[in-house]
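The sequence isn't on hand, but the structure is:
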């Protein structure tokens, strides 16, 4: 090889300003990520829908290689009603965290509540059955 030549290396073509090199091989176009309307929402009311939310988000992250930053960035739109109020308070108190932290906090908050809803429903149905006698 001549003294002033550079060795040939296989380079991937890149568009100026492209994020592909930063995102790695498993990059999936933002256009492929489901629109916000297709993501599940969570009100914080009802029984076990926090589990559905977590499973759905985990699957979306896996299938579309969605980063934690994108997932956490969407939470303010995915939470509604009671859950949204809780989210904003948690966000102010604890600042920025990844999806695994939020997942744990959702489980901590609503796993207990779903048990409470089951007990309340069982209690109400027992009361109504007693009144009917």
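Cool, got the structure. If you're wondering where the values come from, they're calculated on a predicted model, not measured in any experiment. Numbers count the residues shown, from 1 in each chain.

Let me see the ranges of the helices in the protein.
For the chain, the helices defined by DSSP state H occupy 20-23, 49-64, 68-78, 81-94, 99-132.

buried sites along the second one?
Right, the one you point to is helix 49-64. For helix 49-64, the neighbour count (16 or more other CB atoms under 10 Å) marks 49-50, 53-54, 56-57, 60 as buried. Glycine gets a C-beta too; all of them are placed from N, C-alpha and C.

what's the closest of these to residue 30?
When those are ranked by distance to residue 30 (CB to CB), residue 60 comes first, at 13.3 Å.

The closest one and residue 34 touch, don't they?
Yes: using CB atoms under 8 Å, residue 60 is in contact with residue 34, at 6.5 Å.

Low-confidence stretches in the chain?
Along the chain, segments meeting pLDDT under 70 span 1-28, 48, 113-133.

repeat that with 50
The model of the chain has pLDDT under 50 over residues 13-16, 19-22.

what number of residues lie near residue 87?
21 (other CB atoms under 10 Å).

who's in contact with it?
Residue 87 makes contacts with 75-76, 79, as judged by CB atoms under 8 Å, 6 or more residues apart in numbering.
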